[in-house]
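> Sequence below, structure please.
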Amino acid sequence: MPGQRQDHLLRQIELLRQFVERIVRDHQPAQSDEALQLALNLQERLFPVPVAEFLELTALDQLHALTQHALPDDANERCLTYIELLVHTATIYELRGRDDLAHGARQLAVHLALLTVQHFPSPEARRVVGLLRGMLAPAELHAPVRQLLESFDATGD
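Presented below is the predicted three-dimensional model:
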């Protein structure tokens with residue numbers, strides 16, 4: 001049953017990605033309200049707590065909440081799913097003119113990607129770090145994220 005739930009969530013995130021692409025392509029930022037609501041609903045499904053509660057958690061605590069009682073492969077997939085959702089959410093915030101929230105979502109995505117590599121190392125997690133590292137300039141990274149990135153670069157994880 002958990003595998004079916006994860007598959008459904010992944011399909012919903014793919015629909016969100018397509019929806020965001022269409023909003024950007026067709027220059028229809030008015031639809032961003034609907035896209036944002038969908039993104040927040042998907043985050044609630046991914047976590048066992050309401051959005052307001054998990055948004056108050058640190059990145060490490062979010063990782064632990066997301067992966068508790070999960071096997072390493074499932075934990076890695078849950079983390080990567082959440083990271084993808086954060087990237088889409090950042091795009092939605094940007095469409096809404098909320099660059100501060102877009103920046104925060106991207107910062108969290110990079111932070112979680114680096115933590116995922118540390119806790120659940122996989123080629124896919126390393127690839128995601130490589131893709132996300134260009135989303136923010138190194139000077140924009142918060143100190144703990146910058147330190148994790150430097151450690152990743154120095155050791156490969």
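
> Give the rounded mean pLDDT of the helix or strand hosting residue 81.
Assigned by DSSP states H and E, residue 81 belongs to helix 72-95. On average, the pLDDT along helix 72-95 is 89.

> In it, which residues are buried?
For helix 72-95, the neighbour count (16 or more other Cβ atoms under 10 Å) marks 75-95 as buried. (Each C-beta comes from the backbone N, C-alpha and C, glycine too.)

> on contacts alone, who are the packing partners of it?
Applying 3 or more Cβ pairs under 8 Å, 6 or more residues apart in numbering; DSSP states H and E, we find helix 72-95 packed against helix 2-25, helix 32-46, helix 59-67, helix 99-119, helix 123-132.

> Quick one: residues in contact with the second one.
Right, helix 32-46. 5, 9, 12-13, 15-16, 19-20, 23, 50-51, 54, 66, 78, 81-82, 85, 88-89, 92-93, 95-96 (Cβ atoms under 8 Å, 6 or more residues apart in numbering).

> Tell me the buried residues in that helix?
For helix 32-46, by 16+ other Cβ under 10 Å, it's 32, 35, 36, 38, 39, 40, 42, 43, 46.

> okay, and the helix or strand of this protein with the least pLDDT?
Within the chain, judged by mean pLDDT, DSSP states H and E, the helix or strand with the poorest mean is helix 2-25; its value is a mean of 71.

> Report the outermost residue of the protein with respect to its centre.
Centroid-distance maximum for the chain: residue 26 at 24.4 Å, with Cα atoms, centre = their mean.

> which residues does residue 48 contact?
residue 65.

> change it to 7 Å
Going by Cβ atoms under 7 Å, 6 or more residues apart in numbering, residue 48 touches no other residue.

> Now do it against residue 129, distance only.
According to Cβ to Cβ, to the nearest Å, residue 48 and residue 129 sit 26 Å apart.

> got it, and residue 34?
From residue 34 to residue 129 the distance is 31 Å (Cβ to Cβ).

> can you check residue 138 too?
13 Å.

> between those two, who's got more neighbours?
residue 129 (19 against 10; other Cβ atoms under 10 Å).

> In space, what's closest to that one - neighbours in sequence excluded?
Spatial nearest neighbour of residue 129, chain neighbours left out: residue 113 (4.7 Å); criterion: Cβ to Cβ, 6 or more residues apart in numbering.

> what separates residue 83 from residue 26, distance-wise?
Using Cβ to Cβ, residue 83 is found at 26 Å from residue 26.

> State the phi and psi torsions of residue 58.
Main-chain dihedrals, residue 58, degrees, to the nearest 10: phi -70, psi 170.

> No further queries at this time; thank you.
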